[in-house]
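Enquirer: Can you look at this prediction? I've put the sequence above it.
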Amino acid sequence: MGPWLALWVLLYLPRALQGQSPHTRAAPSSVLQSFEDSKFQGEWYVLGLAGNTHTVADRSLLSPFTATFVLNKNNHLEAAYAMIRGQRCVTWSYELISQSQPGTFSVDHSGEPGADPEEIQVYDTDYVSFALLLSKKQSDLQRILRVSLLCRIWAIQTQVLDKFVCLVRAQGLSDDSIVFPDLTEWSVLPEKC
């Protein structure tokens, strides 16, 4: 065995044994040491999305929308979303069931028979200005991965945008998978619909 082949084996074999190629990055774990449901409650604006099912063509389809989180009587977070599409208000909601890792939840789709299991992780948040959410769902045909950037106001701070893009890339997603709401036709930013 020549020296270059020996070097290659030493550098790449451990990664291969872990099921990773040298070109894939390990998904980072959450930066949260704890999670406080009560501080996370309230209204958020979804200012960025990325996912393995998003394409550049989706950019013009994403309308501004809100996410509201409220603790219910079972002490679970309820997530309610509202988006204006044309002249209609589209809403959807679900309950988040806490898991053992801080900020990690399973989505209760009990009202939707046959819904695929989904896990949502609040990857990072300061509670007052931004939150990064990581969603993983396994459908029959593919694994669906989504990263969401939530802000308390309709503006993104540069440092928060950098964190969002870094998380997107760490998940193995390209910059082409990032979509932002199209605000060009909004003279007034949407409130709840």
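Expert: Good, I have the coordinates.
Enquirer: could you pull out the strands for this structure?
Expert: 42-51, 65-71, 77-85, 88-98, 104-108, 118-125, 130-138, 143-151, 178-179 (DSSP state E).
Enquirer: what's the closest of the ones you listed to residue 31?
Expert: Nearest of the strands of the chain to residue 31, taken as CB to CB: strand 118-125 at 4.8 Å. Every C-beta, even on glycine, is put in place using the N, C-alpha and C of the backbone.
Enquirer: Determine which residue lies closest to the centroid of this protein.
Expert: In the chain, the residue lying closest to the centroid (CA atoms, centre = their mean) is residue 147, at 2.5 Å.
Enquirer: dump the residue contacts of it.
Expert: Residues in contact with residue 147 (CB atoms under 8 Å, 6 or more residues apart in numbering) are 48-51, 123, 132-135, 164, 167-168, 171, 173.
Enquirer: where does the residue nearest to it when sequence neighbours are not counted sit relative to residue 39, distance-wise?
Expert: Closest residue to residue 147 apart from its sequence neighbours, by CB to CB, 6 or more residues apart in numbering: residue 50 at 4.5 Å. Separation of residue 50 from residue 39 (CB to CB, to the nearest Å): 25 Å.
Enquirer: In contact with the nearest residue to residue 140 once chain neighbours are set aside, which residues are there?
Expert: Of all residues not flanking residue 140 in the chain, residue 116 sits nearest, at 7.7 Å (CB to CB, 6+ apart). By CB under 8 Å, 6+ apart, residue 116 lies in contact with 109, 137, 138, 139, 140, 144.
Enquirer: separation between the last one and residue 168?
Expert: The reference is to residue 144. Applying CB to CB to residue 144 and residue 168 gives a distance of 15 Å.
Enquirer: Please identify which of these two sits among more neighbours.
Expert: residue 168 (23 against 15; other CB atoms under 10 Å).
Enquirer: My guess is the more buried one contacts residue 177. True?
Expert: Yes: counting by CB atoms under 8 Å, residue 177 is a contact partner of residue 168 at 6.9 Å.
Enquirer: Give the intersection of the neighbour lists for the two.
Expert: Shared contacts of residue 168 and residue 177, defined by CB under 8 Å, 6+ apart, are found at residue 50.
Enquirer: ok so, going back, quick check: bridge partners of the residue nearest to the centre of the chain?
Expert: Beta bridges link residue 147 to residue 50, residue 134, judged by DSSP bridges.
Enquirer: Residue 122 now?
Expert: As for beta bridges, residue 122 partners with residue 133 under DSSP bridges.
Enquirer: where does it land on pLDDT?
Expert: We have a pLDDT of 97 for residue 122.
Enquirer: Check the gap between it and residue 93 for me.
Expert: Counting by CB to CB, the gap from residue 122 to residue 93 is 17 Å.
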